[in-house]
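*Asks:* Build me a model from this:
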Amino acid sequence: MSAFAKVGILAIVDEITGFQEIREKDELQKILAKYISEEFLQWSKRFPDEFYKQMYRLKNWGEFQKAGQKMPQVIGKYTNELIYNQLPQGILDELKSKTPKSECGNNLVKYHQHLTLNTGVPHLDKHLIAIITLMKVSNNWEEFMFLFNKSLGKPAQGILNFDKKY
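*Replies:* You can find the predicted model right below:
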């Protein structure tokens with residue numbers, strides 16, 4: 001009981017003094033420091049072709065051909081939502097703010113080049129594997145999004161019907 005009381009008193013004091021906001025900012029800075037490097041990494045292929053092949057398949061965009069193919073712009077939005085936005089809160093916003101832009105407004109480097117080698121890149125790689133796996137077991141984009149949301153604990157839109165043909 002005394003431990004609960006102590007925690008409650010500390011929480012009230014933090015709330016009254018405003019220290020809670022400082023503590024939250026400090027925590028965010030610690031997370032950002034673990035994930036985001038001050039210097040850009042040299043470019044290396046981080047997203048396997050399989051990620052794009054599966055996206056093309058699920059969206060019925062035809063065959064993905066990596067050499068010289070211009071991809072639909074929406075792929076960047078999907079990548080941000082499916083991959084970078086699933087890293088700890090605040091990482092995507094920090095990557096966007098730290099990534100230099102050309103005069104046209106295009107990113108000069110890829111977001112993954114700003115991730116740390118010891119935390120950011122491994123987390124990105126593990127998440128990519130999970131997403132590609134969900135893509136492979138899905139028959140279409142809607143089924144993939146259902147499974148994606150379910151994997152995140154978000155409310156699903158209906159129940160999977162195994163008799164239904166996707």
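*Asks:* just for this protein, where's the confidence low?
*Replies:* In the predicted model, the chain carries pLDDT under 70 at residues 1-26, 28-30, 32-38, 40-44, 66-68, 155-166.
*Asks:* Going by residue numbers, what spans are helices in it?
*Replies:* Secondary structure of the chain (DSSP state H): helices located at 2-17, 19-35, 49-59, 74-82, 91-98, 120-137, 141-151.
*Asks:* Between helix 49-59 and the longest one, find me the angle.
*Replies:* Meaning helix 120-137. Using axes from the mean of the first three to the mean of the last three Cα atoms, to 10 degrees, the inter-axis angle of helix 120-137 relative to helix 49-59 is 40 degrees.
*Asks:* Quick check: buried residues in helix 120-137?
*Replies:* By 16 or more other Cβ atoms under 10 Å, the buried positions in helix 120-137 come out as 120-121, 123-124, 128, 131-132, 134-135. For every residue, glycine as well, the C-beta is placed using N, CA and C.
*Asks:* ok, these vs G153, which is closest?
*Replies:* Checking the buried residues of helix 120-137 against G153 by Cβ to Cβ gives L134 as the nearest, at 14.1 Å.
*Asks:* check contacts around that closest one.
*Replies:* 144, 147-148, 151 (Cβ atoms under 8 Å, 6 or more residues apart in numbering).
*Asks:* what do you get for V137?
*Replies:* If you count contacts by Cβ under 8 Å, 6+ apart, V137 has them with L147.
*Asks:* how near is it to E103?
*Replies:* V137 sits 43 Å away from E103, going by Cβ to Cβ, to the nearest Å.
*Asks:* And for E50, the neighbour number?
*Replies:* 14 (other Cβ atoms under 10 Å).
*Asks:* which residues does the closest residue to it other than its chain neighbours contact?
*Replies:* What sits nearest to E50 in space, not counting adjacent residues and going by Cβ to Cβ, 6 or more residues apart in numbering, is I132, at 5.5 Å. Going by Cβ under 8 Å, 6+ apart, I132 touches 48, 50-51, 54.
*Asks:* Pull out the buried residues from those.
*Replies:* Among those, the ones that count as buried by 16+ other Cβ under 10 Å are 51, 54.
*Asks:* okay if I get the contacts of I132 as JSON lines plus distance to L95?
*Replies:* Below are the contacts of I132 laid out as JSON lines (distance: Cβ to Cβ, whole Å):
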{"residue": "P48", "distance to L95": "20"}
{"residue": "E50", "distance to L95": "23"}
{"residue": "F51", "distance to L95": "18"}
{"residue": "Q54", "distance to L95": "23"}
